[in-house]
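> got a predicted structure plus its sequence, pasted below:
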Amino acid sequence: MKFTDWVTRVLLIWLMFATLIVVLLIGRATKLHNNPTTSRASNPPVTAFSKYPQAQFQSAKEPEKKFQNVIKSPVKTNQPVARYVTTQAFAQYRPNYEVVAVNPTNYGERYAQDANGVPLNNQPIIVIHETGYSASSAINFFQVAHDDESVQASYHALIKLDGTVVYLVPPDKRAFGAANSVFETPQGVETVQTNPTLPASVNNFAYHVSLETPPDSYDSGSQQTHSGYTEAQYHSLAWLIAQSQVPDDRITTHKLVDRSSKKVDPINFDGNKFLSLLNTYRQVRPIYRVSK
């Protein structure tokens, strides 16, 4: 066999193998592109942003880059609008946290319309509670199914005596923290009736967070017999709420929103101390926009 014939045969065989490899690679690429399971794995779904406080899970390395709603200006001019941004003190404080599942009977969806079909546009509020007993007793109650709607209850978050933040109900869901309740503003009262058989409440636009009651104050009903909350609880509460765009004047307590005349929590809560810490963990930053 001539050398040139041998070389020609070798080249033909090599071209056949190369063509086969290319065909196999093209087929595999097409299969991966058309496989929905593979597509979902490489492109996870985007989580919708909520205007309520978020569980940061101790990932606050770049506090000023969080997705946060802007406080809207009522006048469309060159007037500044503002948003809250977290501070270096916020980034340095890292409370322990837990994530606990709550039974689905104890929370629900946030409604876009009330029981009469009227559209809802309430801005969020934050309601501060206390557990009354231990954190574990409250969590155990939330994890039990309750068919009776008058018994169902939950918070979005709970702060233990040692400052541990327990995330319970996702912020975009409606926790059942304050039945028969209203939020008073200079413009009037805000409340929403989502069930025609139950009193109206603030639950549809509220984020509920509770402080664990100190052991020596179980069943306490007055400031004289309540020992108050720990430093760690105040810091963790301020740290948690600093992540929201809820202004100071829309942060309230269970006692103030309650209309049953039965709720007095959080007892011995130092509001000035809390607001001072909150202003340490977040600041208002003005944003100037040119009107069109």
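Thanks, I have it.
> please make it C-alpha for all contacts and neighbour counts, starting now.
Fine.
> all strands of the stretch 101-250 of the chain, in order?
For the stretch 101-250 of the chain, the strands defined by DSSP state E, counting those that start in this stretch occupy 107-109, 125-130, 157-159, 165-167, 173-175, 183-185, 188-190, 206-211.
> dump the ones you listed into JSON lines; add mean neighbour count as well.
Listed next are these as JSON lines, based on neighbours: other CA atoms under 10 Å:
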{"stretch": "strand 107-109", "mean neighbour count": "16"}
{"stretch": "strand 125-130", "mean neighbour count": "24"}
{"stretch": "strand 157-159", "mean neighbour count": "28"}
{"stretch": "strand 165-167", "mean neighbour count": "23"}
{"stretch": "strand 173-175", "mean neighbour count": "24"}
{"stretch": "strand 183-185", "mean neighbour count": "15"}
{"stretch": "strand 188-190", "mean neighbour count": "12"}
{"stretch": "strand 206-211", "mean neighbour count": "28"}
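> so for N116, which of the ones you listed sits nearest?
Between N116 and the strands of the stretch 101-250 of the chain, the tightest spacing by CA to CA is seen for strand 188-190, at 15.6 Å.
> what's in contact with that closest one?
Strand 188-190 is contacted from outside by N122, V182, F183, E184, V202, using CA atoms under 8 Å, 6 or more residues apart in numbering.
> setting aside sequence neighbours, what's the nearest residue to the first one?
Leaving aside its chain neighbours, N122 sits nearest to F205 (6.3 Å; criterion: CA to CA, 6 or more residues apart in numbering).
> what's the burial count for the one you found?
Neighbours of F205 under the rule other CA atoms under 10 Å: 24.
> who's in contact with it?
By CA under 8 Å, 6+ apart, the contact set of F205 is R110, N122, Q123, P124, I125, R174.
> so where do the helices sit in the stretch 101-250 of the chain?
135-142, 231-241 (DSSP state H, counting those that start in this stretch).
> so of those, which one's packed in deepest?
helix 231-241 (a mean of 22; mean count of other CA atoms under 10 Å).
> contacts for the next helix-or-strand element following that one?
Per DSSP states H and E, the first helix or strand lying C-terminal to helix 231-241 is strand 251-253. By CA under 8 Å, 6+ apart, the residues outside strand 251-253 that reach it are I125, I126, V127, I128, H129, D265, P266.
> do you know how far the closest residue to the fourth one other than its chain neighbours is from N195?
Think I128. Excluding the flanking residues, the one nearest I128 by CA to CA, 6+ apart is T253, at 4.6 Å. With distances taken as CA to CA, to the nearest Å, T253 is found 23 Å from N195.
> ok, these two, which is more surrounded?
T253 (25 against 13).
> mind putting the strands of the stretch 101-250 of the chain in JSON lines, mean pLDDT and distance to Y84 included?
Shown next, in JSON lines, are the strands of the stretch 101-250 of the chain (pLDDT from 0 to 100; distance: least, CA to CA, whole Å):
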{"stretch": "strand 107-109", "mean pLDDT": "94", "distance to Y84": "26"}
{"stretch": "strand 125-130", "mean pLDDT": "98", "distance to Y84": "15"}
{"stretch": "strand 157-159", "mean pLDDT": "97", "distance to Y84": "21"}
{"stretch": "strand 165-167", "mean pLDDT": "97", "distance to Y84": "21"}
{"stretch": "strand 173-175", "mean pLDDT": "96", "distance to Y84": "23"}
{"stretch": "strand 183-185", "mean pLDDT": "96", "distance to Y84": "21"}
{"stretch": "strand 188-190", "mean pLDDT": "95", "distance to Y84": "24"}
{"stretch": "strand 206-211", "mean pLDDT": "98", "distance to Y84": "17"}
